[in-house]
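[1] Quick one: sequence plus predicted model below, questions after.
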Amino acid sequence: MVDQNEASNGTTRRTRASTWPSSSTAGRPWWHRRTTGEMLDDEIVYHFGGHSPLAADYKGRQEVFGFWGRQFELSGGTLRIVPSVIVAGDEYAFALVHASAQRDGRTLAAPGVNVVRLRDGRAVEFWSYATDQYALDEFWS
């Protein structure tokens, strides 16, 4: 999808973005057709910031999968991260996301952005940013 809009200086700016279809794999980008494990480099570093007990740099596939498993465990399997827009190049990908979950009577509704550094089509570094880090820390604490 190509979007044209007017930049603040009056020039026209063109951006290219892939929107994430809500159902079926038809028309989905190549990275959706791969398994998550195939998309992660063996030496991936996942930066999960903040001050919650989950905040850390997770190194390697096993630590990353362990981190994701812990999130699902703590949320009773309710954690959902839904991308709305993905913009990708050869070296980086960016996704606007909305995370939601339930935990101990609390509700998480956290828009944010994920940034992925790529090498040879695999994620080698990943940063997750929430628009309200304090709310995210409170939810996971």
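    Thanks, I have the structure now. Being a predicted model, the structure only gives us computed values, none of them experimental. Numbers count the residues shown, from 1 in each chain.

[2] now residue 116: how far from residue 51?
    Here residue 116 is placed at a distance of 23 Å from residue 51 (CB to CB, to the nearest Å). Where you see a C-beta, it was placed from the backbone N, CA and C, and this is true even at glycine.

[3] The two: which has the busier surroundings?
    More neighbours surround residue 116 than the other of residue 116 and residue 51, with 23 against 13 (other CB atoms under 10 Å).

[4] helix, strand or coil for the more buried one?
    strand (DSSP: H, G, I helix; E, B strand; the rest coil).

[5] and it, what is it in contact with?
    92-95, 123, 125-127 (CB atoms under 8 Å, 6 or more residues apart in numbering).

[6] do the same with residue 123
    39-41, 44, 93, 116-117.

[7] mind listing the strands for the chain?
    2-6, 12-16, 18-19, 40-48, 56-59, 80-88, 92-103, 106-119, 122-130 (DSSP state E).

[8] Would you mind writing the CA trace of the longest one as CSV?
    Written as CSV, here are the backbone C-alpha positions of strand 106-119 (Å, rounded to 0.1, in the frame of the first residue of the first chain):
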residue,chain,number,x,y,z
ARG,A,106,-6.2,-6.3,36.0
THR,A,107,-6.5,-5.4,32.3
LEU,A,108,-3.6,-4.5,30.0
ALA,A,109,-4.4,-2.3,26.9
ALA,A,110,-1.1,-1.1,25.6
PRO,A,111,-0.4,0.5,22.2
GLY,A,112,3.2,0.6,21.2
VAL,A,113,5.8,-0.1,18.6
ASN,A,114,8.1,-3.0,18.0
VAL,A,115,11.4,-2.4,16.2
VAL,A,116,13.4,-5.3,14.7
ARG,A,117,16.9,-5.3,13.3
LEU,A,118,17.2,-7.8,10.5
ARG,A,119,20.1,-9.7,9.0
